[in-house]
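S.K.: Predicted model and sequence follow; I will ask about them next.
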Amino acid sequence: MAIRGILFDNDGTLVDTHDLILSSMRHATRQVLERDLPDEVLMAQVGIPLATQMLDFADGDERLCDELLRVYRAHNHAHHDSQVKLFPDVLDGLRDLHAAGLRMGVVTAKLHALAQRGLQITGAWQYLDCLVAPDDCPKAKPDPDPIIMAADLLGLACDECIYLGDSPFDMQAGLAAGCTTVAALWGMFSSDALQSCNPHFACQTFSDFVARVCPESTLPEGNAPA
């Protein structure tokens, strides 16, 4: 079936928030748990709901989890607007994909309002037709339900959509939903971690992805993130 739509993960795929997320993780765990966790531990589960990550850091203690969430969100929201940015070529790439007639949406583990705010600040929102966040759908990635919901909002079947993401959770969800699932190798997870999930294909940069999907794009291929 022909591809008629594209669904994107947000953080690590469209929006480069690695440093913001890491600094907020460090701040919350230091303040609440009074200890430093390795960065690789702090970032290992980015892509699933924040509450799930924090409950793990709190060893199942719901009171500590709630405090971690409060401190994380206060720090993240305070610094969000000044630090949120798109990866190279994302804005022009979305323009070209939109001009080609593809419907597009975002499926994110971030709460809806903050995800939408970041997409509006960066200019990406103008090209998107839907956004599905954990507060929109009872289940979250790696469950396929939020991707299925987003495809439905676009008026498309999942096999008419590409799903592009940068985490193993994205790969699992996209494949389970029945989308053509593509690994974004410029994001927060290693190529090995993504390739082990057997995506349909992988791209080194967003411009490479656009060239693969939309050959008439004027973007140069291979513009790696600075």
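M.R.: Ah, there it is. Because the structure is a prediction, the values reported are computed rather than measured.

S.K.: Tell me the spacing between the residue lying farthest from the centre of the chain and residue 132.
M.R.: If you look at how far each residue of the chain sits from its centre, by CA atoms, centre = their mean, the farthest one is residue 34, at 29.1 Å. As for residue 34, its distance to residue 132 is 36 Å (criterion: CB to CB, to the nearest Å). (C-beta placed from N, C-alpha, C; glycine too.)

S.K.: Same question for residue 32.
M.R.: Distance of residue 32 to residue 132, given as CB to CB: 29 Å.

S.K.: Name the residue in those two with the higher neighbour count.
M.R.: Neighbour count, other CB atoms under 10 Å: between residue 32 and residue 132, residue 132 has more, with 25 against 20.

S.K.: Stretch 154-168: which residues count as buried?
M.R.: For stretch 154-168, the neighbour count (16 or more other CB atoms under 10 Å) marks 154, 156-158, 160-168 as buried.

S.K.: end to end, how far does stretch 128-137 reach?
M.R.: 18 Å (CA to CA, to the nearest Å).

S.K.: Show me what the mean pLDDT comes to for it.
M.R.: The pLDDT scores in stretch 128-137 average 98.

S.K.: what's it in contact with?
M.R.: Here stretch 128-137 makes contact (CB atoms under 8 Å, 6 or more residues apart in numbering) with 49, 94, 103-112, 115-116, 119, 140, 145-147, 149-150, 153-154.

S.K.: What about residue 193, how many residues nearby?
M.R.: By the measure other CB under 10 Å, the count of residues near residue 193 is 15.

S.K.: can you confirm it is in a helix?
M.R.: Yes - under DSSP: H, G, I helix; E, B strand; the rest coil, residue 193 sits within a helix.

S.K.: That one reaches residue 168, doesn't it?
M.R.: Yes - applying CB atoms under 8 Å, one finds residue 193 in contact with residue 168, separated by 5.5 Å.

S.K.: one step back: as CSV, the buried residues of stretch 154-168 with pLDDT would be great.
M.R.: Listed next are the buried residues of stretch 154-168 as CSV, based on pLDDT from 0 to 100:
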residue, pLDDT
154, 98
156, 98
157, 98
158, 98
160, 97
161, 98
162, 98
163, 99
164, 99
165, 99
166, 98
167, 97
168, 97
